[in-house]
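S.K.: all I have is the shape, not the residue letters:
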């Protein structure tokens, strides 16, 4: 049966005023059920900021046939402000059926402001479909001196549709001194994506360092439709990408009520992509916008040094 209110699953290991906590090995939140239905929101998180230490991996794992919430969904690993996870940090949702919320759905790893993750960081969701009554946020924050020794990946694998009544946001933020030792990758596959707001998919490496490649890939068997702007961005202004930067979007068509922009930015403050830069859109049907449509690779000198 459903819960009558909010369902919360947490590990709290932060400094609440008397010193940071220490967990010697792994920290894991595991939630497994036939179906999950809540009369309020659903929260599953690990809080390890302000100097907390986890000696192994940090993981939030949720598996069920379906999830339905009367409220928001929040799944977080919060390791900002000098939190230390010696191993990997992963959020994994594995659903055979649908994920449905009446409010926002947020899945975030926050390792910004000198956080340290000693291996990979990943947000991984597989489901039949997702329907969010608000916005969808899928984020890895590693800005302002955060370090992820391995790769950073946001992966959504849906056999059906992704639908939101707010904005749809996918972000890997590594700007202002962030360091990702290997690849930064965003992979979204679904039948159709439909959002009442905007769609924003971005890897922000402005003044950051990615040791491997930076890749944004959307693979839809149907249409991408938004009622506002649609934006795909890899921003390497003043940053370094150690191998390639690639954007690959495939769908039957794109229909946006605003503008469409798809840009790899390597200009300003001498950005450096050591390999290739590729911006690829492959549509079997129509591309329709009510505003501008722009596809670009910017490598110019805008006053503070050109990119490479």
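M.R.: Sure thing, it's come through. What you see is a predicted model; the values in this text were computed from it and never measured. Numbers count the residues shown, from 1 in each chain.
S.K.: any stretches of the stretch 151-300 of the chain with poor pLDDT?
M.R.: For the stretch 151-300 of the chain, the stretches with pLDDT under 70 are 268-269, 300.
S.K.: residues near residue 204, how many?
M.R.: A count of neighbours around residue 204, defined by other Cβ atoms under 10 Å, yields 25. To be clear about C-beta, it is placed using only N, CA and C from the backbone, and glycine gets the same treatment.
S.K.: again, but for residue 264
M.R.: Neighbours of residue 264 (other Cβ under 10 Å): 28.
S.K.: that one: what secondary structure?
M.R.: Recorded secondary structure, residue 264: strand (DSSP: H, G, I helix; E, B strand; the rest coil).
S.K.: distance of it relative to residue 284?
M.R.: Per Cβ to Cβ, to the nearest Å, residue 264 is found 23 Å from residue 284.
S.K.: what of residue 262?
M.R.: Distance from residue 262 to residue 284, by Cβ to Cβ: 17 Å.
S.K.: residue 228 too?
M.R.: On the measure of Cβ to Cβ, residue 228 and residue 284 end up 24 Å apart.
S.K.: can you pull the contacts of residue 145?
M.R.: The contact partners of residue 145, taken as Cβ atoms under 8 Å, 6 or more residues apart in numbering, are 112-114, 176-178.
S.K.: please repeat the previous calculation with a cut-off of 7 Å.
M.R.: Applying Cβ atoms under 7 Å, 6 or more residues apart in numbering, we find residue 145 in contact with 113-114, 177.
S.K.: out of those residues, who's the most crowded?
M.R.: residue 113 (20 neighbours).
S.K.: residue 299 contacts residue 267, correct?
M.R.: Yes. If you go by Cβ atoms under 7 Å, residue 299 and residue 267 touch, sitting 5.9 Å apart.
S.K.: which of the two has more residues huddled nearby?
M.R.: Neighbour count, other Cβ under 10 Å: between residue 299 and residue 267, residue 267 has more, with 22 against 16.
S.K.: wait, isn't that one in contact with residue 298?
M.R.: Yes. Using Cβ under 7 Å, residue 267 is in contact with residue 298, at 4.5 Å.
S.K.: tell me which of residue 228 and residue 284 has more neighbours.
M.R.: Set residue 228 next to residue 284 and count neighbours by other Cβ under 10 Å: residue 228 wins out with 18 against 9.
S.K.: quick one: secondary structure of that one?
M.R.: Residue 228 ends up coil, using three-state DSSP.
S.K.: what's the separation between it and residue 173?
M.R.: Distance, residue 228 to residue 173, using Cβ to Cβ: 21 Å.
S.K.: likewise for residue 21?
M.R.: With Cβ to Cβ as the criterion, residue 21 and residue 173 are 26 Å apart.
S.K.: which of the two has more neighbours?
M.R.: residue 173 (25 against 19).
S.K.: residues in contact with that one?
M.R.: Contacts of residue 173 by Cβ under 7 Å, 6+ apart are 141-143, 204.
S.K.: same check, this time on residue 52
M.R.: 13-15, 20-21, 83.
S.K.: does residue 280 touch residue 250 like I think?
M.R.: No. Counting by Cβ under 7 Å, residue 280 does not reach residue 250; the two are 8.3 Å apart.
S.K.: neighbour count winner among these two?
M.R.: Comparing residue 280 with residue 250 by neighbour count (other Cβ under 10 Å), the higher total belongs to residue 250, at 16 against 12.
S.K.: look at the nearest residue to that one once chain neighbours are set aside and give its secondary structure.
M.R.: In space, and not counting its chain neighbours, residue 250 is closest to residue 282: 4.4 Å by Cβ to Cβ, 6 or more residues apart in numbering. With three-state DSSP as the basis, residue 282 sits in strand.
S.K.: I'd like to know how many residues surround residue 282.
M.R.: Count around residue 282 with other Cβ under 10 Å applied: 9.
S.K.: how far away is it from residue 79?
M.R.: Distance from residue 282 to residue 79, counting by Cβ to Cβ: 37 Å.
S.K.: beta partners for the residue sitting nearest the centre point of the chain?
M.R.: Geometric centre of the chain, nearest residue: residue 139, 3.2 Å, by Cα atoms, centre = their mean. Counting by DSSP bridges, residue 139 forms beta bridges with residue 108, residue 171.
S.K.: correct me if wrong: it contacts residue 152.
M.R.: No. In this structure, residue 139 is not within contact of residue 152 by Cβ under 7 Å, at 10.4 Å.
S.K.: sorry, back to before: need the buried ones from the contacts of residue 52 selected in PyMOL.
M.R.: PyMOL command restricting these to the buried ones, with burial defined by 16 or more other Cβ atoms under 10 Å:
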select buried, resi 13+14+15+20+21+83
